[in-house]
Each structure stands twice: as C-alpha cells, then as structure tokens.
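> No letters, just coordinates:
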C-alpha cells in the first residue's frame, strides 16, 4: 500500500512536470532549424500558427498607376507567428529569442459561389518569407530568409545590406516587426488601436 | 528500492497518459460551452486558433454600385477553427462534432507607415459570429450564433428559418462550411486548387 501511495504521489508530480514542460518549451516543429552549413530549414506547419494579421496588396512602393475600379486588391499576405512565441509575447510584451514570422501569399479570387462581391484567398503562392529573431545573425538581432518553390529547400540568410533590414529598423512599430499591421499584437505591444496610430505621410 | 522503481514505472505510464490525453482531448477553452438555458457562451481565445481563411468585402449580394477606383476593398473577414478540430479535419477528411468556426471582422486600413499601397487589418469590429457543428440543434447539424459588443454575452441560436442555414446548405462546398474560401482546408476537403473550382454564375 505504501508503495502504491508513493507511486501515485510521484506519478502526480512527474505527470504535472512533464505536461508543464510540454507547455513551456517550444514544440520541436515550431523551432528554427538549421543545416550544418547554417542555412535555415524551411518551416513546416506554419499554417496552424497564430495569425498576426492579413493584408491585401500591401507594398512599400506607391502604385505606378491608380487601381482600376473593381480591380482585385492585390495578393493576400498572411503573417503567422509560432503559438509559443505568441503566448510569450502577450505575457511579456516582447518577442522571445527564436520568434519566427512566416509570410505567405495567396492569389485574390472572387469566382466561387455564393460570393457576389469581395475577394477571398485563392491559390497559395508557393514561396514563403521568414523573419527570425536570433542574436548574432545581424546587428538588428533578426534575420530574413526567402523560400521558393522547392519545399525541401534551406535558405541562406538574406545579406544585411538588403533594404528589408534598414526598412524594418526604421519603420517597424516594435522591435523590427511591422506590428502596426497586426491586430493580434497591436493592443499588447503598441497599446493603441489602429485608428490612433500615426498616418503615413 | 522496489517502491521507488514501481513509482518510476507508474509515473512514466501516467505521465505519458496524461500528456497524450492533453493532445487528443479538446482543450477546455476550445470547446463550445452553454448557459443552463442553452445559450452559447462567447468563445474566448479564438484569435490563436487556426486561420481557415481571410477575405475582404465578401458578400452574398451583388454591389449596388461599382466600387470606386482605389476604394477600400471592404471589411476583412477572418475565419478561425479550433486547433484540435483542424487536426481532426485534416486527419479524417471531415469536421468533428463540436467543430466551431469563428468569424471576426476588421476595418480595412491603409494609413500606417511604411505601406504606400494596399490594405491591412485595422481595428477589430467588436462582434463575432459562430458556426458550430452540434447534432440536434438543427436538421443541418450546425447552429449559427451572433455576438455583439458585450463580451460577456451568451447568444441564443439563430433560428433555423434564417437564410444562413439554407444558403450554407446549398452553397457550401463541404458539409455546410464555405470551404471553397478557405486555403487551409481546400486541399484536404475539396482536393482541388481554387483555380479548378467552378465559377460563380
């Protein structure tokens, strides 16, 4: 009887520890992985991560010609963050080391019943882009990586001289991330509604 | 020593059971809950669920006037599904009992730096709508619920005579759900790319 009682007590503690560890450690498939030569392996399963925000036709360049009436709004862009990194960010008000944003793209589509107006996310464009918070990869503390058609591809970091780094440094609303566009993060990290943010010049 | 060994063995089994149960049973905060009088309690934490798809200005009605050039594309609509229900759906090719879609709305915004064109998800509109798969609530096997400004509100089911039921019955591509609009579900449930789906008349 004492053995059973002890077994139960220890089991309870270990079970609780094991599950808590499962909750606080990032799941292996939500962690950035690298090849031996330092290239980032393409993240998998990001479509189940937390959506930071969606947008259509977002571009850093002014359009060359005004949009035609009724024209498609440009590609959908979805930005995802690992669930564990999202929980950490909401709890601590900062991105954890290893936070990884994944940007995916979809054709704007409007042909399926029963929609009579508007656009939804059509076929996914095969490539994804990644923004990874990782000390040492760049003076900004973040690295950019781009993945194309090949789903087995590992990507070298985009060099720090490319404009994404300087633009994210000067224009991002919070720690090099465009939190101003992300409804799932804006209230916690900027403590402001979108309607109270400054306007583009 | 025997007691310790037994304790370890039992602990290992129980720990594994506890964590497996945590993986296969829906987390309590991802399950539909009802008041004693049968109203659905407003779901919480849905912004961390799996995004089925996003859309802009999607409407079942043709626009009364053509969109002006450069006009905002209409509100963003995001549709989320519980992670456990998403995993079940991908594994089994069917929605589980208790699957719950949450539809949220965002103002289209374009004013924040550094975007020069396009629209992102601005302020969230306070209400959400829910589509719950629950045997017995309606002959379709699904119930609709609408929540407004009051975040403590519980919602009675929208009556079955309302058009959402008949429209979802005849127009939804898979089991009363508009899977045709959802890139995270289309490949599994329709086995077709959006570009191969029939066009609206």
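On my side now, so go ahead. Everything numeric here is computed off the predicted structure, so don't read it as measured data. Numbering: from 1, shown residues only, chains lettered A, B, ... in the order given.

> show me where chain A has helices.
With DSSP state H applied, chain A shows helices at A:2-24, A:83-92, A:163-171, A:186-189, listed in chain order.

> lowest-confidence stretch among those helices?
Among the helices of chain A, helix A:2-24 carries the lowest mean pLDDT, a mean of 45.

> okay, residue A:105: pLDDT?
For residue A:105, the predicted pLDDT is 97.

> ok, now residue A:124?
We have a pLDDT of 95 for residue A:124.

> List the contacts of it.
The contact partners of residue A:124, taken as CB atoms under 8 Å, 6 or more residues apart in numbering or on different chains, are A:104-107, B:183. The way it works is simple: take the backbone N, C-alpha and C, and place the C-beta from them, glycine included.

> can you rerun that using 6 Å?
Contact analysis of residue A:124 by CB atoms under 6 Å, 6 or more residues apart in numbering or on different chains lists A:106, B:183.

> What of residue A:73?
Residue A:73 makes contact with A:56-57, A:108, A:119, B:56, B:73, according to CB under 6 Å, 6+ apart.

> The strand ranked longest in chain A pairs with which strands, parallel or anti?
The residue-count maximum for a strand in chain A (DSSP state E) belongs to strand A:117-133. Strand pairing for strand A:117-133, determined by DSSP bridges: strand A:100-109 (antiparallel), strand A:142-147 (antiparallel), strand B:50-59 (antiparallel).

> from what I can see residue A:122 touches residue B:194, true?
Yes - using CB atoms under 6 Å, residue A:122 is in contact with residue B:194, at 4.0 Å.

> Now do residue A:144, the pLDDT please.
Listed pLDDT for residue A:144 reads 98.

> I'd like the distance between it and residue A:121.
Going from residue A:144 to residue A:121 by CB to CB, to the nearest Å gives 23 Å.

> higher neighbour count, these two?
Taking other CB atoms under 10 Å in any protein chain shown, residue A:144 and residue A:121 do not tie; residue A:121 has more neighbours (28 against 24).

> Skipping its backbone neighbours, what lies nearest that one in space?
Using CB to CB, 6 or more residues apart in numbering or on different chains and skipping residues adjacent in sequence, the residue nearest residue A:121 is residue A:106, 3.9 Å away.

> do residue A:60 as well
Sequence neighbours aside, residue B:114 is the residue nearest to residue A:60 in space, at 5.3 Å (criterion: CB to CB, 6+ apart).

> So the one you found sits against residue A:62, correct?
No - assessed by CB under 6 Å, residue B:114 is found out of contact with residue A:62, at 11.0 Å.

> which one of these two has more residues nearby?
Neighbours were counted for residue B:114 and for residue A:62 using other CB under 10 Å; residue B:114 has more, 16 against 8.

> What does the pLDDT read for residue A:111?
Reported pLDDT for residue A:111: 73.

> how many other residues sit next to it?
By other CB under 10 Å, the residues close to residue A:111 number 15.

> what separates it from chain B, distance-wise?
4 Å (CB to the nearest CB, to the nearest Å).

> and if you look at residue A:25?
From residue A:25 to chain B the distance is 12 Å (CB to the nearest CB).

> and that residue, how many neighbours?
Residue A:25: 10 neighbours (other CB under 10 Å).

> List the beta-bridge partners for the residue nearest the centre of chain A.
Most central in chain A under CA atoms, centre = their mean is residue A:101, positioned 2.4 Å from the mean C-alpha point. Per DSSP bridges, the residues bridged to residue A:101 are residue A:81, residue A:131.

> State the pLDDT value of it.
98.

> circling back to that earlier point, now do the longest strand of chain A and helix A:163-171, the angle between them.
Going by axes from the mean of the first three to the mean of the last three CA atoms, to 10 degrees, strand A:117-133 is angled at 90 degrees with respect to helix A:163-171.
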